[in-house]
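Asker: Fold the stuff below for me.
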Amino acid sequence: MTNNLTEEEKEELHSWKESNETNRLLFEKLTSNKTFIAKREMYRHVNTQHALKTFLQHTRKRRLSLHLKIVCRYAAIIIVLFTIGLILYPKKQAIETTSEKIETGSPKAVLLVSGGKSIQLQTQEHTTNELPSYVQIVDSNSQLIYNKKQDITTPKEYHELQVSRGGEYKLTLPDGTFVYLNSASTLKYPTCFDPDKREVHLSGEAYFEVAKDPNKPFYVITDNIQIKVYGTTFNVNTHDPDYTSTVLVQGKVGVSIVGKKEEIILNPSQLALFDKKQHKIDIQNINPQQYIAWKDGLFVFEEEPLEKIMDKLALWYDCQVFYTNQESRNIRFTGYLKRYEQIDKILKAIGSTVSVSFEIKGKTILVTSNEMK
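Answerer: Predicted coordinates:
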């Protein structure tokens, strides 16, 4: 709160924050809450000397013989806990009057073009005039289509499509490759591919249907792995802090670790799971539908831990999730849910199947295991 951490404490905080999505969301809530500055100022203006003096007077009346340093220490702890309470648990009135609520995800994105210009892709009439002549926006402002540029001698330009939390967007690249970006994802690509290869850079999750061209392989590059494609359908997801997953639906891809030559060939219905800590790739036989159902408007969960499920819901519904007990994180759920359903119906469906309950407060979901009540 006061930016007075030592280097060791900063490293410990960073490790805790990056260990899972829930910790990261809690950190964001503590540091970026709209009321944080006001609450901190309230804390700074608390007359601690007066409060301590009053506290000591009460303790003397009750003949409590506490050392002054101990009293100060506990008084400081009480003040800090009170401040955190103000941040995490605002007054009921503030919750009731807030206009924020959890909305279902929808097509929305930002397109970064050459020169650093950004174009909001929400209103078709407005954005059409801002887009380059070789880019069209179609399907009720949910997809960009790039026309093939004939002149490849012009300087290469890169565009970047950024999809925020609670969003999704479709894209057809100049070679005809179709890309479907999920929430909190970014794709960087050239407006005209090189004569000998096609290369894009991905952060987040995307589903690809790559146009076939045996003379010009298609590459998807993430922070950790490189995927070589010859014309196929697959899904890539880098959201998990521990793993990057590549799921092959049909065709053929080769997966390799960035900086290494060894390539692992995937067959349809196989998953390449890259361990970000151990830097190794594990191959598994899976049901692809569980990994690509999101593009068809579904959530498919098969014995999946509730924490993983809520991480996905938090991205799609752009909300925060907190757990009142650790046991609720590990509860497993199996089911098919509609992706465009309201969040309360999604949670009701989960709660009717497993022993867990949910409470929605503004854009926050509180999760509790019923077994611990």
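
Asker: Residue 227 and residue 237, how far apart?
Answerer: 12 Å (C-beta to C-beta, to the nearest Å). Backbone N, C-alpha and C define where each C-beta goes, glycine included.

Asker: Those two - which one has more neighbours?
Answerer: The neighbour comparison of residue 227 against residue 237 (other C-beta atoms under 10 Å) goes to residue 227, with 26 against 21.

Asker: could you say which helix or strand contains the more buried one?
Answerer: If you go by DSSP states H and E, residue 227 is part of strand 225-229.

Asker: Only C-alpha atoms, please: export stretch 181-195 in CSV.
Answerer: The C-alpha trace of stretch 181-195 is given here as CSV (Å, rounded to 0.1, in the frame of the first residue of the first chain):
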residue,chain,number,x,y,z
LEU,A,181,-9.8,-15.0,-30.7
ASN,A,182,-11.2,-15.7,-27.3
SER,A,183,-11.3,-13.2,-24.3
ALA,A,184,-8.1,-11.5,-23.1
SER,A,185,-6.2,-12.5,-26.3
THR,A,186,-3.9,-10.7,-28.8
LEU,A,187,-2.8,-11.6,-32.3
LYS,A,188,-0.1,-9.8,-34.2
TYR,A,189,0.2,-10.4,-37.9
PRO,A,190,1.5,-8.8,-41.2
THR,A,191,-0.9,-7.3,-43.7
CYS,A,192,0.9,-9.3,-46.4
PHE,A,193,2.8,-12.5,-45.7
ASP,A,194,6.3,-13.3,-46.9
PRO,A,195,6.8,-15.4,-50.1
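
Asker: I'd like the distance from stretch 186-195 to the chain centre, please.
Answerer: 24 Å (C-alpha atoms, centre = their mean, to the nearest Å).

Asker: Contacts only, for the closest residue to residue 174 other than its chain neighbours.
Answerer: Counting by C-beta to C-beta, 6 or more residues apart in numbering, residue 174 lies nearest to residue 146, which is 4.6 Å off, once chain neighbours are set aside. Applying C-beta atoms under 8 Å, 6 or more residues apart in numbering to residue 146 gives the contacts 134, 135, 171, 172, 173, 174, 191.

Asker: Counting only strands, which of these make the cut?
Answerer: Among the contacts of residue 146, the ones falling in strands (DSSP state E) are 135, 171, 172.

Asker: buried set for stretch 365-373?
Answerer: 365, 367, 368, 369 (16 or more other C-beta atoms under 10 Å).

Asker: could you give me the average pLDDT of that stretch?
Answerer: For stretch 365-373, mean pLDDT rounds to 84.

Asker: got it, and stretch 100-107?
Answerer: Averaging pLDDT along stretch 100-107 yields 93.

Asker: How far away from the center of its chain is it?
Answerer: Using C-alpha atoms, centre = their mean, the offset of stretch 100-107 from its chain centre is 14 Å.

Asker: ok so, going back, could you check the pLDDT of the residue nearest to residue 174?
Answerer: For residue 146, pLDDT reads 94.

Asker: for residue 70, same thing?
Answerer: Residue 70 is given a pLDDT of 48.

Asker: How about the one 10 residues further on?
Answerer: In this model, residue 80 is scored at 46, pLDDT.

Asker: and what of residue 6?
Answerer: If you check residue 6, the pLDDT there is 75.

Asker: quick revisit: neighbouring strands of the helix or strand that the strand holding residue 227 is followed by in the sheet, and parallel or not?
Answerer: Scanning forward in sequence from strand 225-229 by DSSP H and E, the next helix or strand is strand 233-237. If you go by DSSP bridges, strand 233-237 pairs up with strand 205-209 (antiparallel), strand 243-250 (antiparallel).

Asker: State the number of residues packed around residue 355.
Answerer: Counted with other C-beta under 10 Å, residue 355 comes out at 14.

Asker: That one contacts residue 331, correct?
Answerer: Yes. With contact defined as C-beta atoms under 8 Å, residue 355 counts as touching residue 331 (7.0 Å).

Asker: list residues touching both of those two?
Answerer: residue 369.

Asker: all helices for the stretch 151-300 of the chain, in order.
Answerer: Assigned by DSSP state H, counting those that start in this stretch, the stretch 151-300 of the chain shows helices spanning 289-292.

Asker: and the nearest residue to residue 329 once chain neighbours are set aside, backbone torsions?
Answerer: Distance criterion C-beta to C-beta, 6+ apart; nearest residue to residue 329, sequence neighbours excluded, is residue 307 at 4.0 Å. As for residue 307, its main-chain torsions (degrees, to the nearest 10) stand at phi -60, psi -40.

Asker: Check residue 105 too.
Answerer: Taking degrees, to the nearest 10 as the convention, residue 105 sits at phi -60, psi 160.

Asker: Give me the distance between it and residue 168.
Answerer: Residue 105 is 6 Å from residue 168, where distance means C-beta to C-beta.

Asker: Poorly predicted segments of the protein, please.
Answerer: 1-4, 7-11, 14-99, 123-128, 149-154, 372-373 (pLDDT under 70).

Asker: how does it divide into domains?
Answerer: Using automatic domain parsing, the domain parsing of the chain gives 7-97, 106-292, 297-372.

Asker: The second one: end-to-end distance?
Answerer: It refers to domain 106-292. 17 Å (C-alpha to C-alpha, to the nearest Å).
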